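*Asks:* My questions are about this predicted structure, shown below with the sequence.
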Amino acid sequence: MIGLSFSTAFLGFVLLALAMDRHHDQIIKGRPSSMARRLGTIGGWLCMLLSLALCIAAYGYSIGATWWLGVLTGVAAFLIFLLTYRPKTILYLAVTLPVITAVPLIPLF
């Protein structure tokens, strides 16, 4: 559950980064439109709230909120590293990480 929270927070941070001019130019090349900026901001915050809900569902309110802050710290450090050294791989990871971490949660009958 924490892996899914991590990947959801990563997707949220990527959407928030793509809503900014500097990071959008760094990752995709170009400036975001006003609609892309708005959707990135709203989608990023929704992913952050989903990440918080996953941590709370796994550990309860008090410990879940603490875990979520730790997840956000780890995701932010990971994203800073990627923005510095490998900005092109961010989009691939943003798409594949939630899928990879959600697959074990799907019951196989």
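*Replies:* Yes, it's here.

*Asks:* What pLDDT is listed against the closest residue to L16 other than its chain neighbours?
*Replies:* Closest residue to L16 apart from its sequence neighbours, by CB to CB, 6 or more residues apart in numbering: G44 at 3.6 Å. The way it works is simple: take the backbone N, C-alpha and C, and place the C-beta from them, glycine included. With respect to pLDDT, G44 scores 95.

*Asks:* what's the helix or strand for G44?
*Replies:* For G44, the host element (DSSP states H and E) is helix 34-59.

*Asks:* quick one, what contacts A36?
*Replies:* By CB atoms under 8 Å, 6 or more residues apart in numbering, A36 lies in contact with L18, A19, H24.

*Asks:* And for the next helix or strand after the helix holding G44, what's in contact with it?
*Replies:* Per DSSP H and E, the first helix or strand lying C-terminal to helix 34-59 is helix 61-85. Outside helix 61-85, the residues that touch it by CB under 8 Å, 6+ apart are 2, 5-6, 9-10, 13-14, 17, 23, 26-27, 48, 51-52, 55-59, 89-90, 93.

*Asks:* pLDDT of helix 61-85, averaged?
*Replies:* The pLDDT scores in helix 61-85 average 93.

*Asks:* tell me which of the contacts of A36 is nearest to P98?
*Replies:* L18 (15.7 Å; CB to CB).

*Asks:* What's the local residue count around the closest one?
*Replies:* Neighbourhood size, L18 [other CB atoms under 10 Å]: 23.

*Asks:* repeat for V75
*Replies:* Using other CB under 10 Å, V75 has 22 other residues around it.

*Asks:* nearest spatial neighbour of it, skipping sequence neighbours?
*Replies:* Leaving aside its chain neighbours, V75 sits nearest to A9 (4.6 Å; criterion: CB to CB, 6+ apart).

*Asks:* ok, G12 - contacts?
*Replies:* When contacts are counted by CB under 8 Å, 6+ apart, G12 touches G43, G44, W45, L46, C47, M48, L50, S51.
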